[in-house]
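In: Sharing a model that was predicted from the sequence below.
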Amino acid sequence: MGIPIAADVAKVDPIRTTGLDSPNIEYSQMQDTWDLVKALWGGTPTMREADKDYLPQFPGETDDEYKLRLDRTFLFGMYKRAIKALTGFPFSRMINLDDSDPRVQEWATNIDMEGNSLDVWARNVFETGFAYGHTYIYVDMPVSPVANPSKDEKRRLSLRPYFIHYRPDQIIGWKWENKGGVPMLTQVRLLEAARIDDSADPWNQSIALQIRVLEPGRVQVWRADTSANTNTGGPTAGVASTVYGMPASNVTDPTRKLSISNWVLINEYATMNMPTIPLVPFYTGRDGFMTSTPPLLDLAWLNVEHWQSSSEQATILHYARVPQKFYRGFRKEDVPTEHSSSLSVYNPDPDSDVKWVEIAASGQGAIPMGRQHLLDIESRAASLSTELLIRGHRGSSGSATDSLISAAESMSELGTFSIGLGDSLRQAFGYAMMYDGVASTYDRGLDMAGHPEVFQDYGISLDERPELEMLLKMFLGGVITPETLLAESKKRGIVSERLDIDAEVEATREVREHKMRNEERRGSQGLSNNEATAVSNINDNPAELSDSDG
C-alpha cells in the first residue's frame, strides 16, 4: 500500500534518510504544522523564539529595529484559548464506564500510575489531539521481577497496565502492514527524555534523550551517548528514571538538530502477554493512518495574522505616542542629537522655529484602521471556533438525501471527536486486558473494556427553535412525558444541568393538583376569579392568617 503524499513528496526536506533518530517521510510532512502549533501553544516567548518564521522583517528594517519590534510584540493566544475552551464541553461530565469490567473502573482512578484519574488524563489527550490533529495512547506494564507472579504479587508490586500519552511529534518513525483490511504496526520509534540521577552527586540531575523501539512482543531502549555531544543534556552515567511525557523538544529539536553520532542500547525486554504493539492513535483531523491535519489549522494561521498585525499596530502607536521635534531655519550641525523637554537651543534667525510634530489619528487614519483590522481578525477567529459546535445548520429541501445529511449533522463536529476518544480508550483498555492476562485475545479484551463514553451530546443549532416547538407540541399532545421534555431541554442547555428532573416533575404535579382543587372549590362555591385567587393565596400561606381573619 502506497503512502498518500502525492506531489508533496518533492517538498520534503531530506533531513536524513538513515539512522535510529531519522524521521520517516510522513513525519517530515507534518513537522512544519506542528512547529506552528508548538509556537502558538507556548505563547509570546516561543513566538519570539521563532523569530522571522512568523514575523517577517520589513525591507529596509535594520536588525536592531526588527529586534526592538519583536520585543514589543505580544501574542493574543486565540488558538490555545479556543482549544482549551472547546475541550471543556466533552469533559463537563465524567467519562461513563458503566458497562466496563470492574478492573477498568479500578485502573481509571489512577490511569497513568502517577495519580491522575482517567477524566483528568484523557482531557489532556483530547486537548493535544485537538491541537495537533492526532495524538497517541500507549499501554504499558511494569516488567515483573518474578516469573509468573500471582494475583497478590501483582498487587503488591503494582504490576498492572497503565496508560502513557505521547504527542505526535514524539513518534518519529513507524512501519505497518495491512492485515485483513486492518493496519497493524510492525515497528514504532518513540522519542523520550529521561531524567538521570548522578550516582556521584545525590543533588545533581541531568536530562538525556532516548528512543524506545517497539516491535510486536519486544521493546528496545536506546540512549544518546553524550560523551561526544553537548546538546542533549549531560552524561548518561547514573540511574535513569524515564519521564515518558516530557517533551523532548524542550531538550533539543527532536528531528532537525539531534546530530547524535552514537546511540547505546541500554535495555531490551519482551512484553508479557502482548504479541502486538499496544499503541492507539486518537484523531481529530485524520488524513490517513498515523497522519492528520489540525482541525483548527485555519484558526492557527489567523492567530499568526493577528500576531503580525498587532506588531505593526504597536509600532505605529509607538511613533504616534512619541512626538518628534521639527527645526526650521537651523543648520544640520546646529540641530541637537538628543531631545528633552528641558533642552534649550538658540538661533539668531528671527524666522527660525522649533515645534513638536505628532501623528494625527483621524477616523480614516492608519491607527483606527489597524485597530479595526485586529477586531476583524478576532471576530473571524470566534466564528471559526464556534463552527465545531454547530449542528444541523445546513438547509434542507425536504429530499431523502437532505434528511440523511440532517441526521448526520445532528451532532456537532466536536461531538464526533468525543466519540473518537471513547473508541480510542476502548482499544487501549482492550490491550490493558491482554497485558493483565485476563483476556487471551484482543477481541475478548475489547468485550471486557466495554464502551467508554465521553460526553458528546452538546452543541448549538441554527434551527433549534422549531425543534423545541415540536417537543412542546409532543408533550402537550401526550406523546412524550414531562420527564422526556425536561431531559431534552436539559441536553440543549435550556434548563440548568443541575436540575433534578424527578424532583421538578413531582413539584409541578403538586402545583397542578393544588390548582385543580382550587378550581373545584371555585366551581362549588361560585367564587369570582379574584376571590378564588385570594383563597388560593391563603391556602398556600395559612400562617399569614390572623385571628381577625376568622
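Out: Sure thing, it's come through.

In: Where does the prediction get shaky in the stretch 301-450 of the chain?
Out: Scanning the stretch 301-450 of the chain for pLDDT under 70 picks out the ranges 318-324, 337-344, 346-347, 356-371, 373, 383-386, 389-411.

In: At which residues are the helices of it located?
Out: Listed in chain order, the helices of the stretch 301-450 of the chain (DSSP state H, counting those that start in this stretch) span 366-387, 400-408, 413-435, 442-449.

In: and residue 104, what is it in contact with?
Out: Applying Cβ atoms under 8 Å, 6 or more residues apart in numbering to residue 104 gives the contacts 97, 429, 432, 448, 449, 450, 452. Placement of C-beta: from N, CA and C, glycine included.

In: Name the next helix or strand downstream of the helix or strand hosting it, please.
Out: Element membership of residue 104 [criterion: DSSP states H and E] is helix 102-107. Toward the C-terminal end, the helix or strand that comes next after helix 102-107 (DSSP H and E) is helix 118-132.

In: about what we covered before: please convert the contacts of residue 104 to TSV, extending it with neighbour count.
Out: Formatted as TSV, the contacts of residue 104 follow (neighbours: other Cβ atoms under 10 Å):
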residue	neighbour count
97	20
429	30
432	28
448	19
449	24
450	19
452	24
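
In: need those in TSV with distance to residue 105, can you?
Out: Shown next, in TSV, are the contacts of residue 104 (distance: Cβ to Cβ, whole Å):
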residue	distance to residue 105
97	5
429	10
432	12
448	11
449	11
450	9
452	10
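
In: hmm, back to that, please write out the alpha-carbon positions of the helix holding residue 104 in PDB.
Out: Output in PDB follows, covering the C-alpha atoms of helix 102-107 (Å, rounded to 0.1, in the frame of the first residue of the first chain):
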ATOM      1  CA  PRO A 102     -14.500  -3.700  37.200                       C
ATOM      2  CA  ARG A 103     -10.800  -3.800  36.600                       C
ATOM      3  CA  VAL A 104     -11.200  -0.900  34.100                       C
ATOM      4  CA  GLN A 105     -13.100   1.100  36.700                       C
ATOM      5  CA  GLU A 106     -10.300   0.400  39.300                       C
ATOM      6  CA  TRP A 107      -7.500   1.400  36.900                       C
END
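
In: what is the rounded mean pLDDT of that helix?
Out: Throughout helix 102-107, pLDDT has a mean value of 94.

In: Identify each buried residue in stretch 73-84, please.
Out: 73, 75, 76, 77, 78, 79, 80, 82, 83 (16 or more other Cβ atoms under 10 Å).

In: that older thread, residue 204: which of the contacts of residue 104 is nearest?
Out: residue 432 (36.4 Å; Cβ to Cβ).

In: Am I right that the closest one is in contact with residue 107?
Out: Yes - applying Cβ atoms under 8 Å, one finds residue 432 in contact with residue 107, separated by 6.7 Å.

In: Name the residues contacting each of those two.
Out: residue 161.

In: pLDDT averaged over stretch 210-220 - what is it?
Out: For stretch 210-220, mean pLDDT rounds to 94.

In: ok, now stretch 266-275?
Out: On average, stretch 266-275 scores 87.

In: which outside residues touch it?
Out: 141, 143-144, 210, 216-223, 240, 278, 431, 434-437.

In: any idea how far residue 214 lies from residue 65?
Out: From residue 214 across to residue 65, the span is 50 Å (Cβ to Cβ, to the nearest Å).

In: Compare the two and say which is more crowded by neighbours.
Out: Comparing residue 214 with residue 65 by other Cβ atoms under 10 Å, the one with more neighbours is residue 214, at 23 against 13.

In: in its sheet, what does the top strand by length along the chain sit against?
Out: Taking DSSP state E as the criterion, the chain has its longest strand at strand 182-197. Strand 182-197 pairs in its sheet with strand 171-179 (antiparallel), strand 205-215 (antiparallel), strand 239-243 (antiparallel), by DSSP bridges.

In: looking at those, which is buried most?
Out: Of all the strands paired with strand 182-197, strand 205-215 has the most neighbours on average by mean count of other Cβ atoms under 10 Å, namely a mean of 20.

In: next structured bit after that one?
Out: strand 218-224.

In: between that following strand and strand 205-215, how big is the angle?
Out: 150 degrees (axes from the mean of the first three to the mean of the last three Cα atoms, to 10 degrees).

In: Skipping adjacent residues, who's closest to residue 63 in space?
Out: residue 57 (7.8 Å; Cβ to Cβ, 6 or more residues apart in numbering).

In: ok, that neighbour touching residue 67?
Out: No - between residue 57 and residue 67 there is no contact under Cβ under 8 Å: 9.6 Å.

In: show me the contacts for the residue nearest to residue 263 when sequence neighbours are not counted.
Out: Excluding its sequence neighbours, the residue lying closest to residue 263 (Cβ to Cβ, 6+ apart) is residue 222, at 4.3 Å. Counting by Cβ under 8 Å, 6+ apart, residue 222 touches 20, 210, 211, 212, 213, 263, 264, 265, 266.

In: go with 7 Å
Out: Contacts for residue 222 (Cβ atoms under 7 Å, 6 or more residues apart in numbering) come out as 20, 210, 211, 213, 263, 264, 265.

In: how near is it to residue 436?
Out: Distance from residue 222 to residue 436, by Cβ to Cβ: 28 Å.

In: sorry, back to before: can you lay out the strands paired with strand 182-197 as JSON lines showing distance to residue 415?
Out: Converted to JSON lines, the strands paired with strand 182-197 look like this (distance: least, Cβ to Cβ, whole Å):
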{"stretch": "strand 171-179", "distance to residue 415": "27"}
{"stretch": "strand 205-215", "distance to residue 415": "32"}
{"stretch": "strand 239-243", "distance to residue 415": "34"}
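
In: Compare these and give me the one nearest residue 155.
Out: Proximity to residue 155, assessed across these by Cβ to Cβ, is greatest for strand 239-243 (22.6 Å).
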